[in-house]
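Asker: here's a sequence, model it:
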Amino acid sequence: MATMHDVPASDLIDALAEEFADHDDVRRPDWIEYVKSGADARLPPEQDDFWERRVASLLRKVADDGPVGVERLSTAYGGTKRGSNRYRVAPAHRADGSGKIVRTALTQLEDAGLVLTADGEGRRVTPEGKSLLDETADAVMESLDRDDLQRYA
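Answerer: Residues are numbered from 1 along each chain as shown. Model prediction:
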């Protein structure tokens with residue numbers, strides 16, 4: 001049986017996003033189409049399945065790095081904020097991703113029973129979340145038929 005470390009992360013996140021599209025506990029908030037994904041972004045995300053992809057990515061990241069808190073996760077989803085304007089040039093600065101998006105997604109994952117809060121440590125994956133990741137990774141492993149990915153099989 002394959003684990004989440006045996007398959008490419010992008011393929012695993014795509015498969016988990018499809019799984020979360022039909023999940024009742026993971027639902028797209030009404031405000032998500034109006035907010036940016038971080039201080040470094042200029043516009044809100046344009047992907048139709050942005051929320052499902054972000055939740056899937058967060059589940060994978062919590063399983064990989066956990067226990068992990070909201071601050072570390074928002075830093076991981078951040079980027080560089082441009083520092084120049086019309087009259088002066090300044091170097092680019094690091095900017096965190098949206099903490100509200102991370103908190104809301106983690107709350108939905110907790111409601112689904114896939115993540116739990118460890119006292120004083122942050123969030124970690126439950127056995128149900130780990131089995132979802134492993135089952136999805138196993139299904140992804142079976143569907144890999146690209147020549148450059150045969151090393152994963």
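Asker: pLDDT below threshold where in this protein?
Answerer: Scanning the chain with the threshold set as pLDDT under 70 gives 83-88, 145-153.
Asker: in the chain, which spans are strands?
Answerer: 79-81, 93-95, 115-118, 122-125 (DSSP state E).
Asker: deepest-packed of these, please.
Answerer: Ranked by mean neighbour count under mean count of other Cβ atoms under 10 Å, those are led by strand 122-125, which reaches a mean of 21. For the C-beta atoms, the positions are set from N, CA and C on the backbone; glycine is no exception.
Asker: show residues contacting that one.
Answerer: Contacts with strand 122-125, where a contact means Cβ atoms under 8 Å, 6 or more residues apart in numbering, come from 59, 62-63, 66-70, 72, 106, 109-110, 114-118, 133.
Asker: what do you get if the cut-off is 7 Å, keeping everything else the same?
Answerer: 62-63, 66-69, 106, 114-118 (Cβ atoms under 7 Å, 6 or more residues apart in numbering).
Asker: for these, work out which two are farthest apart.
Answerer: Greatest spacing in those, by Cβ to Cβ: Gly69 and Leu114 (16.9 Å).
Asker: quick one: residues contacting the residue nearest the centre of the chain.
Answerer: The residue lying closest to the centre of the chain (Cα atoms, centre = their mean) is Ser57, at 2.2 Å. By Cβ under 7 Å, 6+ apart, the contact set of Ser57 is Ile13.
Asker: one more: Asp119?
Answerer: Contacts of Asp119 (Cβ under 7 Å, 6+ apart): none.
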